[in-house]
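*Asks:* 3D model of this:
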Amino acid sequence: MNKSLTILILCLLGISYGFTASKDTSNVEFINVYFNSESDHKVALESNKSKDLQDMFVPLLNLIDSAKYSVDLVAYDLQNMRVGMAIANAARRGVRVRVITDNSNRNRNPRFNEPLWDTLRAAGIYSIDDAGTVYHPNGEIKSLTDNLRNAGAIMHHKFAVIDAFNDDPNDDYVWTGSMNLTYTGNWNTNVTFVIKDSGISNAYLHEFEQMWGSRNEKPNPFRARFHKNKEGFKNKIFYVNDIKVEVYFGPMDVYNKKQSISERITQLINEAKHDVRFLSFAISPDINISKAMIARSGRGEISLYGVIDPDFYARYRNEGQIWAQPEMSFGNRLVLPAKEVRKLHAKTIIIDAQHPYPEENTAITIAGSYNFSKAAELSNDENILMIHDNKIANLFLQDWQGVMNRAKGLSYHQYPDIDTGKWFNNYYFDKGKLMVELETGLFYPIDLLGVERPREWAGHKDSSFYYAETAFQYFKNLLGQEGTKLKITAGKEKPEHKFGRYMGYISAALPSGDTIEVNREMLISGNGTYSFWNRQQKDSILTFKLYEQFAKDAMVGMWAYPDSVGKKVLASEVAIMQNLFPLDINLATVDDLTYIKGIGKKTAESIIEYRNNRGKIQNLEELLKIQGIGDKTLENLKQFLIIEED
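*Replies:* Numbers count the residues shown, from 1 in each chain. So this is what the prediction gives:
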């Protein structure tokens, strides 16, 4: 009898269906690891080169396309239509498909989310989010009267279980890792796994069905468990062939019966013989994991090396936290901000990766969806693997070394191609930068070739260069009409790429039918100076110099006060507001928040304290829970704050 049918009959008879793992009896077992950034193969063991520069969606799509019985997919953020089409096609050929997602992300970006969910509905696929809302294929949406407990936390999983809906253990697969199924997931620095092992598949299936609330194709919100309401999976240790793998799911449960992920990682760090390395999107300085790394390296017991996403590194620096202090960058320690093309989204710790590998000491790799933070430990749905194997640790060492090389400026990340014949109609401005959508969902910085705008930041938060704010507003207004399209060229060549951006000549096609040559307009209006940097066309060099001279002679723009050009000046409060905001509430510092009119230091500190205690803020309405913030204050804050994706 089908395993799921048996469970259903037991439920109808009133018999509990507490999950019991079937025996791990798969005949062929393996762990494949995929990286999407460039590894450093110089540190590879013999015949052990990592699979780097991968299209990270392909392994998942291959599993979905080959599924015969079931696809159970859990995604914190689900946007990418390659995945949507694959699971819709699977459903149409008779595969049972079930989908779980995070409620805060489901409808956050309609341009990307809605086509995918429409596709799934048309294929007859049910889904549920972590608030207990069920989305039916006919378009009906059924929400619980009250959201599920802990609904403010994040459903942060990224995993799929393939073909668990049958009794044969030999066709069970798990796909997991750190990558969100978004259009930018493949550009953020990530890692993913494909694991063929029925025991590990059972563990992930158990986690899935707790959240789904049933064993059949329809979710049951009345039995669904998310966040702290989930029970643990009894067996945490599995063997993939001879490789020991520990599997954990977060967060801690209400009764603290589950083993703490943080405690286990801290234990492994304290047992390290030689070195600890990490790549982190976020790594809170005040958690036990961080304290163990810092204490043991401080005593000289281990070497410590790490790379942190630059946004979080800047936050730690601004708050005076230890990860960004000088003592983290000399001796047996080196912790740097990343220089990836987008986010350093990996959540990886490698222990004893360069140890001589005596038989009594095996290197350990820790990786998954689990950010190294209090929220991941106490609130969010997470999964993480701890793999005891020298060769797999060496694969991660190659990836780690590639990220570190880029952080040191020794190499550079891959970057998106640019089509010089295309008119781009999606772009926005981010802290003075022009961000153009070069690929679906991928916005990338474009700068003016041959033109230097006065910089909005001059080495201190209260200073900028003369005329910076006015020049930026002029630049923004040139492109600000709705319906304007941009073309980026460099004469007969492709725009040059340097320092994480393209340098090009920008043409703007206005809705009126007129076309503006933006580089020319910035110079001739006195809102920029000629720049000789980067490869330029000879005729452009000559004409650009003439445009600048014309502005000087006419004393327009910044040339009305030529002695001030190039000088640093204190930024006005207005300039700070326009350059700093909109600001991600989950990265804001006390100083950032106090620039908002009406927000004093005490209120700003209360917001930071709330975020540190509760974890990532999911919705700005949460701020109403903070004393001193009412509806009026919240409406004021909404003008300046946003919530970025993880």
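*Asks:* wait, F226 sits on W212?
*Replies:* No. F226 lies out of contact with W212 (C-beta atoms under 8 Å); the separation is 10.3 Å. All C-beta atoms are positioned from the backbone trio N, CA, C, and that covers glycine.
*Asks:* Look at those two and report which has more neighbours.
*Replies:* Set F226 next to W212 and count neighbours by other C-beta atoms under 10 Å: F226 wins out with 29 against 26.
*Asks:* Kindly provide the distance from the more buried one to D102.
*Replies:* Taking C-beta to C-beta, to the nearest Å as the measure, F226 falls 10 Å from D102.
*Asks:* any residues in contact with both of these two?
*Replies:* 130, 155 (C-beta atoms under 8 Å, 6 or more residues apart in numbering).
*Asks:* how about the residue of the chain most remote from its centre, phi and psi?
*Replies:* The outermost residue of the chain relative to its centre, with distances by C-alpha atoms, centre = their mean, is D553 at 48.8 Å. Backbone geometry at D553, expressed as degrees, to the nearest 10, gives phi -60, psi -40.
*Asks:* Tell me the confidence at it?
*Replies:* At D553, the model reports a pLDDT of 96.
*Asks:* Against Q639, how distant is it?
*Replies:* Distance, D553 to Q639, by C-beta to C-beta: 41 Å.
*Asks:* Looking at Y427 now. What's its pLDDT?
*Replies:* 96.
*Asks:* Going forward, count from 490.
*Replies:* Understood, numbering begins at 490; the last thing we discussed is Y916.
*Asks:* Leaving out chain neighbours, which residue sits closest to it?
*Replies:* In this structure, Y916 finds its nearest non-sequential neighbour in V925, 4.4 Å apart by C-beta to C-beta, 6 or more residues apart in numbering.
*Asks:* What's the local residue count around that neighbour?
*Replies:* Neighbours of V925 using other C-beta under 10 Å come to 21.
*Asks:* any idea whether it is helix, strand or coil?
*Replies:* When classified by DSSP: H, G, I helix; E, B strand; the rest coil, V925 comes out as strand.
*Asks:* Wait, it touches F932, no?
*Replies:* Yes. Judged on C-beta under 8 Å, V925 makes contact with F932 at a distance of 6.4 Å.
*Asks:* okay, and the common contacts of these two?
*Replies:* Both V925 and F932 are contacted by 915-916, under the criterion C-beta under 8 Å, 6+ apart.
*Asks:* Next secondary structure after whichever strand or helix holds N521?
*Replies:* According to DSSP states H and E, N521 maps onto strand 519-524. Moving toward the C-terminus from strand 519-524, the next helix or strand (DSSP H and E) is helix 546-555.
*Asks:* Which neighbouring elements make contact with that following helix?
*Replies:* With contacts defined as 3 or more C-beta pairs under 8 Å, 6 or more residues apart in numbering; DSSP states H and E, the packing partners of helix 546-555 are helix 570-581, strand 647-651, strand 662-666, strand 680-685.
*Asks:* Quick one, which of those gets closest to S996.
*Replies:* The closest of these to S996 is helix 570-581. By C-beta to C-beta, the value is 29.9 Å.
*Asks:* which residues are contacting that closest one?
*Replies:* The contact list for helix 570-581 (C-beta under 8 Å, 6+ apart) reads 546, 549-550, 553-554, 556, 560, 562, 564, 567, 586, 588, 604-605, 608-609, 611-614, 670.
*Asks:* Can you say which of those residues are buried?
*Replies:* Neighbour counting by 16 or more other C-beta atoms under 10 Å classes 546, 549-550, 553, 556, 560, 562, 564, 567, 586, 588, 605, 608-609, 612, 614, 670 among the contacts of helix 570-581 as buried.
*Asks:* domain parsing for the chain?
*Replies:* Taking automatic domain parsing as the criterion, the chain consists of the domains 511-718, 750-896, 916-1059, 1070-1131.
*Asks:* May I see those domains arranged in JSON lines, with distance to F738 as well?
*Replies:* Shown next, in JSON lines, are the domains of the chain (distance: least, C-beta to C-beta, whole Å):
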{"stretch": "domain 511-718", "distance to F738": "5"}
{"stretch": "domain 750-896", "distance to F738": "5"}
{"stretch": "domain 916-1059", "distance to F738": "29"}
{"stretch": "domain 1070-1131", "distance to F738": "17"}
